[in-house]
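Colleague: Please find the sequence and the predicted model below.
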Amino acid sequence: MKKIHIIAILIIAIAFGVIMTSLSNNSTYASFKEADEHPTRTFHVVGKLDKNKPFLYDAHLNANLFTFYLIDRDGTERKVMLEKPKPDDFEHSEQIVVIGTAKGNEEFDAKDVLMKCPSKYQDGKPTETKQTSSM
Amino acid sequence: MDKITYIGEHTLLGQLGNGFVFLSFAAALLAAFAYFRSAQNDEMEGGPWKKLGRIAFYLHSLAVIGIMATLFTMIFKHAYEYYYVWEHSSNSMPKRYTLACFWEGQEGSFLLWTFWQVVLGLILMWSAKQWEAPVMSTLSLVQAFLASMLLGFYIFGIKLGSNPFILLRDAPDFANLPLFQFPDYLTKLDGRGLNPLLQNYWMTIHPPTLFLGFASTVVPFVYAIAGLWKKKYGDWQLDALPWSFFGIMILGTGILMGGAWAYESLSFGGFWAWDPVENASLIPWLTFVGTGHILIIYKARKQGALSTFLFPIITFVLVLYSTFLTRSGILGNTSVHAFTDLGLSGQLLVYLLFFILLSIVLLVVNYRKIPKAEQEEELWSREFWMFLGALVLVMSCMQIIVITSIPVSNKIFGLNQAPPVDRIGFYNRWQVPFAIIVTFLVAIGLFFKFKTTNIKDFIKQLTLPFIISAAITIIASFVLKLTNGFFIALLFTCWFAVVANFFYLIKNKKANFQKGGATFAHLGFGLIIMGALISTSTKQVISVNTSGKNVESLGKDISNATDILLEQGDTLRMGDYFVTYTGKRKEGHNVLFSVQFFSKDSATKKYTPQFTLNPLIQINPQMGNVAEPSTKHFLHKDIYTHIMFADLNTDNNASGGNEYGEAKPHSLGVGDTMFSSNSIIILTSLDTHIDKLQYHLKSDDVAVGAVLKVIDVNDKIHSAEPVYVISNDMVKPIDAALPDLGLKFSFQKINPETHKMDFTVSESKRNSKDFIVLEAVVFPYINVLWFGCLIMVLGTVLSIRQRIKKGREAKKLQS
């Protein structure tokens, strides 16, 4: 099975190369400060919404722009420009991940956003229902 | 404290259920042990250990069915005293979703998996003949692990399994709720209910299919283990072969059902989103397909025994790994639909590691004795290229595993790698080269013969299909405007797979219709990849801004402006259509938005209604609201619409206009900021030099202007200056409006003590005129994909029938 061995090794080598390259192209989790240092690279920044600052969305002016302020885990705050409509239930999110690039140490251009809502799955405790069951 | 006697609880059901849970675990262990002894003693039919093993497995089967029946009865009876029932069902839920409630939770889906393995185990028990004892021993051990997931014991502080029969009032989170002070609490209780997102007929058929697929990977695995254990390295492959193709078909169908579900009613924006949970189901399927083909090679050539052990073992281990990924909570934020973490990750890890270790030990012990091929395979033989194909599938699978496992490697190595940014594009890009090789092999594979092929004949047969496919590809690439070289190459190999297999079918129909199964399956596979390629690479977002209305205010360079604002009554052009948002209505927990599509006759300029789509938003207090797309299906394309943003209040069908709404008060000092829904407003300074003539004021009137800097979402700066006027001891403010933003400001009062100024801000009702932000996408030729699925399933059924028939004939010849 020599021929097969050679081909198998070749395929594995190529595939390994492919996988490693695909990994190295990847983004990493970072803070806003790190993102500022590499303005061309895309980062995932995890943080919390600053609820004292405005989050603005006007579908009439621009249906694909939503801005808000995010405080990352190091406590740095940035204005985030999300190139999407305002996600539903945004105000209730407990943790937010923004994916995008830093812009001029002041803003963060986000292509996408992931939210974790505290209500997800856990909401609701057994309570008395208003209408009694029909059964 | 007195113990409360609760009224109306069905505690007997829970005790019964718990009894079954324990019995299923104990009986599975006993069956594994008895069958183990039977296999070690090489018992003949009728041996005592074998008898005991059978009885134990029957008991186990009975217990599993008992658990399911009990749980089902509880859900049906709305027995909310049980946590599982309360968590997954409710009074208002239609009865047809009872099954869906059953397997919504982890415990129920483990049960489903256990149940299918019971069914497979029983069939094996009756049909495996001399393999019964070793095969059933391993299978019973797998069952014992699965059954332990339901135990719900605490041993040395470690939680072993999660029990579906725990009482609500015993659940740690709820134990001290005041509700349980009342003996009749049950009369007041309603369940939390099935997640509305899952109230869908797919939820009834997709999980059982998928879990049957997962369960069937166990059959080739237990055969491989039995082969190593009993040192019969070449006898089991024929028995495992039909099972493999059965599993490939079922698991494949289950995966594609998931895709169809996502496409039809989830907001993934396509049929395959490379979500970690989707990937977790695809990963074992790829190596399972490899397994089937490796077994065919072995059957034909009695060569490559080692890989017939490796492939089934890898496939089964990957099923366990997928289970670990989706159920341990490790995927965290990276997936939209992993299971909730029940604290079983340790137990799942033990399950996974146990079978990995068992396999490695058996492989190492037997490695030298597994027969190796004496002669090298011919380059021009079917087995060589089949083996190559299986290897490519493994490599493709590896790429998906490595990327999907990023959260795992982060945890192990303490890294902070993030999942791919543009996940769908990322995987598509990296998987296309693998797909090109695989579809190419699918095209040429059947034209090779086992052992050796007459290469001249081979080329002669493939020349015409090659030319036809190349011609179609060139034309199709022009029509579809494909420019990416990889995509064109893949389009070609897909056409080649379809055309070549079609030729093969016609040419060999008379001589050998039996091979039709494989040909059909390969042809179907070519169509699936082709449909996926065309519909994703040429999908066209038609909801781009064509009105020219907002372009100048965009300011930012927005690259992915794929969503469009549609005001009620407005008609905008989208692709070949003109689209109007006509209104919304509420149905159950859904808000439906009517979007009407028109065509326009260019000569008469008349609009003709074509069809109406109703994308909706599901009001879902439990998990957050969810948008559900609506799709118009044509034979050659789909038009997919999806609500990105909308006002859900159905009472307020505001007619719009220029009226202003309620004035909201704000109190500001100089330099302070206030907000409206669309802008930031800063009081920059006070202006005491008001040109009184301009405002038609008398010279002794007091007038102070407030200079407001208004920054809109696009960072465009506007300014407004409302004026505070005292005329004849009366306050007569002069308002300032910004019609572009729909804002009106009024300067109401100056408070000298606090240095604060009072303002009111009113927003135009235009801002509350009903509108939606819509995404609309055309998916061309997506039906090719679904049609391909049908053909592939049909082909696999044909080939399984053929394999079973051939297997029986071979057995007859032997005996």
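Modeller: Yep, it's here.

Colleague: just the strands in the stretch 501-650 of chain B please.
Modeller: B:540-541, B:564-567, B:571-574, B:577-587, B:590-600, B:607-613, B:616-618, B:626-628, B:630-633, B:637-646 (DSSP state E, counting those that start in this stretch).

Colleague: Save these as CSV, and put in mean neighbour count too.
Modeller: The C-beta positions use only the backbone N, C-alpha and C, and glycine is treated the same way. Below are the strands of the stretch 501-650 of chain B laid out as CSV (neighbours: other C-beta atoms under 10 Å in any protein chain shown):
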stretch, mean neighbour count
strand B:540-541, 16
strand B:564-567, 24
strand B:571-574, 18
strand B:577-587, 17
strand B:590-600, 19
strand B:607-613, 14
strand B:616-618, 22
strand B:626-628, 19
strand B:630-633, 16
strand B:637-646, 23
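
Colleague: Residue B:721 and chain A, how far apart?
Modeller: Counting by C-beta to the nearest C-beta, to the nearest Å, the separation of residue B:721 from chain A is 22 Å.

Colleague: Also residue B:131?
Modeller: Taken as C-beta to the nearest C-beta, the span from residue B:131 to chain A is 28 Å.

Colleague: That residue contacts residue B:229, correct?
Modeller: No - Residue B:131 lies out of contact with residue B:229 (C-beta atoms under 8 Å); the separation is 10.7 Å.

Colleague: Can you check which helix is longest in chain A?
Modeller: helix A:2-24 (DSSP state H).

Colleague: mind exporting the helix or strand bottoming out on mean pLDDT in chain A as PDB, just the C-alpha atoms?
Modeller: Each helix and strand of chain A was given a mean pLDDT (mean pLDDT, DSSP states H and E); the minimum falls on helix A:2-24 at a mean of 75. Output of helix A:2-24 as PDB, limited to C-alpha atoms (Å, rounded to 0.1, in the frame of the first residue of the first chain):
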ATOM      1  CA  LYS A   2       2.900   2.300  -0.700                       C
ATOM      2  CA  LYS A   3       1.200   4.500  -3.200                       C
ATOM      3  CA  ILE A   4      -1.800   4.900  -0.900                       C
ATOM      4  CA  HIS A   5       0.600   5.800   2.000                       C
ATOM      5  CA  ILE A   6       2.200   8.600  -0.100                       C
ATOM      6  CA  ILE A   7      -1.100  10.000  -1.200                       C
ATOM      7  CA  ALA A   8      -2.600   9.700   2.300                       C
ATOM      8  CA  ILE A   9       0.400  11.600   3.700                       C
ATOM      9  CA  LEU A  10       0.100  14.200   0.900                       C
ATOM     10  CA  ILE A  11      -3.600  14.700   1.600                       C
ATOM     11  CA  ILE A  12      -3.000  15.000   5.300                       C
ATOM     12  CA  ALA A  13      -0.200  17.500   4.800                       C
ATOM     13  CA  ILE A  14      -2.400  19.700   2.500                       C
ATOM     14  CA  ALA A  15      -5.400  19.400   4.800                       C
ATOM     15  CA  PHE A  16      -3.200  20.300   7.800                       C
ATOM     16  CA  GLY A  17      -2.000  23.300   6.000                       C
ATOM     17  CA  VAL A  18      -5.500  24.300   5.000                       C
ATOM     18  CA  ILE A  19      -6.800  23.900   8.600                       C
ATOM     19  CA  MET A  20      -3.900  25.900  10.100                       C
ATOM     20  CA  THR A  21      -4.200  28.700   7.600                       C
ATOM     21  CA  SER A  22      -7.900  28.800   8.200                       C
ATOM     22  CA  LEU A  23      -7.300  29.000  11.900                       C
ATOM     23  CA  SER A  24      -4.700  31.700  11.600                       C
END
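
Colleague: outside of the helix or strand that it is followed by, which residues touch it?
Modeller: Next in sequence after helix A:2-24, counting helices and strands by DSSP states H and E, comes strand A:28-30. Strand A:28-30 is contacted from outside by A:43, A:44, A:45, A:46, B:416, B:417, B:418, using C-beta atoms under 8 Å, 6 or more residues apart in numbering or on different chains.

Colleague: what two of those residues are the furthest from one another?
Modeller: Farthest pair in the contacts of strand A:28-30 (C-beta to C-beta) is A:45 and B:417. Separation: 14.3 Å.

Colleague: Between these two, which is the more surrounded one?
Modeller: residue A:45 (27 against 18; other C-beta atoms under 10 Å in any protein chain shown).

Colleague: how about the more buried one, secondary structure?
Modeller: Three-state assignment for residue A:45 (DSSP: H, G, I helix; E, B strand; the rest coil): strand.

Colleague: From what I see, it and residue A:109 are in contact.
Modeller: No - if you go by C-beta under 8 Å, residue A:45 and residue A:109 don't touch, sitting 11.5 Å apart.

Colleague: shared neighbours of these two, anything?
Modeller: Contacts common to residue A:45 and residue A:109, judged by C-beta under 8 Å, 6+ apart, are absent.

Colleague: Tell me which stretches of the stretch 701-815 of chain B form strands.
Modeller: So, for the stretch 701-815 of chain B - with DSSP E, counting those that start in this stretch - the strands run B:702-712, B:717-720, B:723-727, B:730-731, B:736-738, B:743-751, B:756-764, B:771-780.
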